[in-house]
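Engineer: Sequence plus the predicted model coming up.
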Amino acid sequence: MTFAILGLDKNNSQIGLAIATYSLAVGSTCPLLVSDKYAITSQASTNPIIGKEIAKKILVKDPKLAMNETLNKDKFSDYRQVAILSNQGDKYIHTGTKTKDFKGSIISNNCIAIGNFLYDEKVLVNMAKSFEENHNKSLGIRLINSLKSGKKAGGQKGTNGEYLPERSSCLMIASKNEIFPIDIRVDFSNNSIEQLSYAYEEYNKLHEYYLSRSENPANLPAQDEWIKNINL
């Protein structure tokens, strides 16, 4: 019951992903960034250890080998779904045969759209199309708009075939030479994609401040003063 978009902005040396699902607290179990080199999602019948193992192996092994080695040790790999995107545009995917329909993935020039228990394939087609067509926007906006396109195309369906709301969502973006990534989560809401969009809009005003504070807080104003200047 999950759909995700992994995407690149090569012009700005950024990589990221956004994910939405009926399950709660998706940001704590499915998406991962490995510095600014890889975006990973491990979803469907989620076992967070799988993503963590891949992220560890990928530092010293070929990504496809890292994924296959990890999944080969998992006796329930047929129930899992994994996608890996590198900052060079390499793409690796696994969708287990017992993952719930509609399941699948779309590979495009700069993104992977992947999901399971979806309304139909159009969810993923529209997500990838949205990401590629919005190339003039920031990576965060492109990723969130992709989720919105997936929802508009039908999103997730339940066992009775009816629409299921996205109750949690997450956005992660890593930029080259930045000390930490953007990592925004909505853990429980019946309108999580829209709330994620609003949270990103507000957080993005402060990301530069938080980066500066972590590197050298000596000459920075207090956060409330910084916010006052933003709102002038």
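Structural biologist: On my side now, so go ahead. Numbers count the residues shown, from 1 in each chain.

Engineer: Show the contacting residues for Leu118.
Structural biologist: By CB atoms under 8 Å, 6 or more residues apart in numbering, the contact set of Leu118 is 3, 102-103, 124, 150, 154-157. Where you see a C-beta, it was placed from the backbone N, CA and C, and this is true even at glycine.

Engineer: cool, Leu8 as well?
Structural biologist: Counted by CB under 8 Å, 6+ apart, Leu8 has contacts 14-15, 85, 87, 89, 110-111, 139.

Engineer: CA atoms of the helix or strand that it is a member of as PDB?
Structural biologist: Assigned by DSSP states H and E, Leu8 belongs to strand 2-9. What follows is strand 2-9 as a C-alpha-only set of coordinates in PDB (Å, rounded to 0.1, in the frame of the first residue of the first chain):
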ATOM      1  CA  THR A   2       2.800   2.300  -0.900                       C
ATOM      2  CA  PHE A   3       4.100   4.500  -3.700                       C
ATOM      3  CA  ALA A   4       7.500   6.200  -3.800                       C
ATOM      4  CA  ILE A   5       9.500   8.400  -6.200                       C
ATOM      5  CA  LEU A   6      13.300   8.400  -6.200                       C
ATOM      6  CA  GLY A   7      14.700  11.300  -8.200                       C
ATOM      7  CA  LEU A   8      17.800  13.200  -9.300                       C
ATOM      8  CA  ASP A   9      18.600  16.800  -9.900                       C
END
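
Engineer: so what strands line up beside the helix or strand following that strand?
Structural biologist: Per DSSP H and E, strand 2-9 leads on to strand 14-21 as the next helix or strand towards the C-terminus. Take DSSP bridges as the rule and strand 14-21 pairs in its sheet with strand 2-9 (antiparallel), strand 168-175 (antiparallel).
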